[in-house]
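> kindly return the folded structure for what I paste below:
(one chain, ligands or ions: 2)
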Amino acid sequence: MDILIKNIKELVQVRETPVKWIAGKDMAELPTISNAFLHLKNGLIANYGSMADLPAITTQETIDATDRLVLPSFVDSHTHLVFAASREEEFVYKIKGMSYEEIAAKGGGILNSAAKLQLMSEDELFEKALVRAEEIIGFGTGAVEIKSGYGLTTKDELKMLRVAKRIGQETPLTVKTTFLGAHAVPKSYAKKSDYIDLIIKEMIPAVAEEKLAEYIDAFCEKGFFTPDETELIMEEGKKYGLKPKIHANQLSISGGVQVGVKTNAISVDHLEAMGEAEIKALQGSDTMPTLLPGAAFYLGTSFPPARDMMNAGLPLALATDYNPGSAPCGKMAFMLSLACIKMKMTPEEAINAATLNTAYAMELGQTHGSITKGKVANVFITKKIPSYAYIPYAFGADVIDQVILNGENIGKIH
Ligand code: NIG
Ligand code: FE
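Numbering: from 1, shown residues only. Ligands and ions are numbered 1, 2, ... in the order given. So this is what the prediction gives:
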């Protein structure tokens with residue numbers, strides 16, 4: 001398929017060459033071309049430029065994007081998209097005043113999701129996840145990371161990861177998978193160390209054997225996994241080629257950031273609880289700090305200190321954390337709104353965080369996250385909107401008109 005999009009009011013996030021990531025002050029710069037064209041060919045970005053420089057070409061399909069913007073598809077680098085059921089009963093407990101920890105202690109939380117997932121067949125789980133995958137495609141996401149962590153037995157963790165991989169095979173989404181056996185300790189284990197032994201001796205080798213994941217994660221938090229346990233699990237994963245990506249500092253200053261840097265994690269995610277030492281630890285590292293404002297919004301916790309982190313020269317990524325317990329929303333545009341409204345990021349900073357920097361956090365920086373010749377043709381065309389700042393400004397609005405993934409026009413979004 002060969003598509004020309006012409007008369008684009010503004011082509012956003014145009015980068016001549018791939019960049020590692022956008023950090024610190026540079027996050028405020030978002031390169032665009034007004035009155036532009038974009039040529040997509042053989043699944044890749046072939047050419048782009050100002051309409052004045054449009055070469056004479058004939059293409060199979062031409063789209064007139066007058067009054068519309070074109071952006072690279074969002075890259076959502078942290079989700080738990082595969083789960084059995086929503087948990088709105090806990091939502092009601094929460095409204096009535098119970099904390100996340102209290103809900104978990106009452107039989108809710110991650111263990112509740114695990115109990116439901118263990119009873120579900122792989123095919124049924126896939127059908128449930130597929131609905132969410134299609135939903136996020138309509139929200140403008142083109143690449144997504146999906147974690148396990150609601151299985152908590154070897155068989156069920158493998159089942160989750162197979163389903164996640166299948167989402168990548170049977171939809172146009174680019175999927176990367178993460179093994180998160182260390183999400184919570186099942187009730188049947190009196191000793192946490194016995195469950196950690198299972199992760200290390202049985203789960204990690206089985207995940208690697210079937211090549212089901214490229215990353216390994218742990219929920220490094222009080223009441224879940226300590227920094228030492230997290231480090232041990234990350235190091236064992238690395239022996240099998242799994243690269244660390246860690247849930248860190250969500251509910252408390254957990255030591256997760258430092259473990260992430262020490263184990264050379266691709267990213268440390270959440271970061272609601274950050275001190276100066278955590279910011280310092282990240283400086284000079286190759287670890288992407290990833291903010292998940294949907295979880296802070298839903299749980300009513302404080303938001304990460306995004307401005308302090310950018311002032312310290314750090315890059316920031318923004319992802320949804322789409323999951324049934326702390327962030328039941330897979331809409332990246334709403335994360336942009338939360339970033340701007342709650343963390344005082346500018347629209348430019350938020351868009352950089354949700355495209356190029358999340359691409360880094362999934363090791364897709366060479367192929368995704370910007371309008372760059374040779375990158376994968378993953379873009380969305382907006383409805384008639386005045387500017388890219390309108391996307392975070394009009395929180396909750398449906399701003400996307402058409403989605404193109406891998407150079408294929410998958411059509412109008414309703
Ligand atoms: O990223 N923090 C740990 N895991 C998820 C929540 C899991 C759940 O409550 O189901 C998160 O917020
Ligand atoms: Fe998460």
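
> and the residue of the protein closest to ligand 1?
residue 325 (2.2 Å; C-beta to the nearest ligand atom). Every C-beta, even on glycine, is put in place using the N, C-alpha and C of the backbone.

> that residue: neighbour count?
24 (other C-beta atoms under 10 Å).

> quick one: it and residue 113 touch, right?
Yes: Residue 325 is in contact with residue 113 according to C-beta atoms under 8 Å; the separation is 6.5 Å.

> need the overlap of contacts for those two.
Common contacts of residue 325 and residue 113 (C-beta atoms under 8 Å, 6 or more residues apart in numbering): residue 87.

> off-centre distance for the lowest-mean-pLDDT helix or strand in the chain?
Ranking every helix and strand in the chain by mean pLDDT, DSSP states H and E puts helix 100-105 at the bottom, with a mean of 86. Centre-to-centre, helix 100-105 and its host chain are 25 Å apart (C-alpha atoms, centre = their mean, to the nearest Å).

> how far out from the middle of the chain is stretch 152-165?
Taking C-alpha atoms, centre = their mean, one finds stretch 152-165 lying 19 Å from the centre of the chain it belongs to.

> and it, what's buried?
152-154, 156-165 (16 or more other C-beta atoms under 10 Å).

> does residue 251 touch residue 295 like I think?
No: with contact defined as C-beta under 8 Å, residue 251 does not count as touching residue 295 (10.0 Å).

> mind checking which of those two has more residues around it?
More crowded of residue 251 and residue 295, by other C-beta under 10 Å: residue 295, with 27 against 19.

> dump the residue contacts of the more buried one.
Residue 295 sits in contact with 250, 270, 272, 301, 321, 326-327, where contact means C-beta under 8 Å, 6+ apart.

> ok, now with 10 Å
Contact analysis of residue 295 by C-beta atoms under 10 Å, 6 or more residues apart in numbering lists 78, 100, 247, 250, 269-270, 272, 301, 303, 319-323, 325-327, 329, 338.

> just residue 389 next, same as before
30, 336, 340, 346-348, 350-351.

> related to what we said a few turns ago, helix/strand/coil for the residue of the chain closest to ligand 1?
coil (DSSP: H, G, I helix; E, B strand; the rest coil).

> check residue 219 too.
Quick answer, by three-state DSSP: residue 219 is strand.

> what's opposite it in the beta bridge?
Taking DSSP bridges as the rule, residue 219 bridges to residue 247.

> what are the contacting residues of the least confident helix or strand of the chain?
87, 89-91, 93-94, 98-99, 108-112, 184, 221-224, 250-251, 295, 298-301, 325-326.

> next, count neighbours for residue 210.
12.

> so for it, what's the pLDDT?
What the model reports as pLDDT for residue 210 is 98.

> thinking again about what came up before, my guess is the residue of the chain closest to ligand 1 contacts residue 89. True?
No: with contacts counted by C-beta atoms under 10 Å, residue 325 stays clear of residue 89, the gap being 11.3 Å.

> I'd assumed residue 232 was in contact with residue 244.
No: using C-beta under 10 Å, residue 244 makes no contact with residue 232, being 11.6 Å away.

> returning to what we had before: for the residue of the chain closest to ligand 1, give me the pLDDT.
95.

> which residues of the stretch 301-414 of the chain lie near ligand 1?
Counting by C-beta under 6 Å from any ligand atom, the stretch 301-414 of the chain comes close to ligand 1 at 321, 323-327.

> please identify which pair of those lies farthest apart.
321 and 324 (10.9 Å; C-beta to C-beta).

> now the common contact residues for those two.
Joint contacts of residue 321 and residue 324 (C-beta under 10 Å, 6+ apart) are residue 80.

> okay, the two: which has more neighbours?
residue 321 (28 against 21).

> now the phi/psi pair for the residue lying farthest from the centre of the chain, please.
Using C-alpha atoms, centre = their mean, the residue of the chain lying farthest from its centre is residue 56. It sits 38.5 Å away. In this entry, residue 56 is assigned phi and psi values of phi -80, psi 110 (degrees, to the nearest 10).

> relative to residue 65, how far out is it?
Applying C-beta to C-beta, to the nearest Å, the value for residue 56 to residue 65 is 19 Å.

> cool, residue 105 as well?
52 Å.

> of the two, who's got more company?
residue 65 (22 against 13).

> tell me the pLDDT at the nearest residue to that one once chain neighbours are set aside?
Excluding its sequence neighbours, the residue lying closest to residue 65 (C-beta to C-beta, 6 or more residues apart in numbering) is residue 8, at 4.4 Å. You'll see residue 8 listed with a pLDDT of 98.

> was I right about residue 8 contacting residue 388?
No: if you go by C-beta under 10 Å, residue 8 and residue 388 don't touch, sitting 11.8 Å apart.

> joint contacts of those two?
Joint contacts of residue 8 and residue 388 (C-beta under 10 Å, 6+ apart) are 32, 69, 382.

> let's have the residues you listed in JSON lines, adding secondary structure.
Supplementary listing: these in JSON lines, determined by three-state DSSP:
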{"residue": "32", "secondary structure": "strand"}
{"residue": "69", "secondary structure": "strand"}
{"residue": "382", "secondary structure": "strand"}
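
> let's have these in JSON lines, adding neighbour count.
Converted to JSON lines, those look like this (neighbours: other C-beta atoms under 10 Å):
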{"residue": "32", "neighbour count": "20"}
{"residue": "69", "neighbour count": "25"}
{"residue": "382", "neighbour count": "25"}
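
> check contacts around residue 235.
200, 216, 244, 262-263.

> tell me the two of those that are most distant?
200 and 262 (18.1 Å).

> show the average pLDDT along the helix or strand encompassing residue 176.
Using DSSP states H and E, residue 176 sits within strand 174-182. Strand 174-182 shows a mean pLDDT of 98.

> tell me which other helices or strands that strand touches.
strand 141-147, helix 154-170, helix 192-198, helix 204-209, strand 215-220, helix 227-239, strand 243-248 (3 or more C-beta pairs under 10 Å, 6 or more residues apart in numbering; DSSP states H and E).

> can it be said to contact ligand 1?
No: using C-beta under 6 Å from any ligand atom, strand 174-182 stays clear of ligand 1, coming no nearer than 8.0 Å.

> each with direction, which strands does that strand pair with?
Assessed with DSSP bridges, strand 174-182 is paired to strand 141-147 (parallel), strand 215-220 (parallel).

> perfect, I'm done here.
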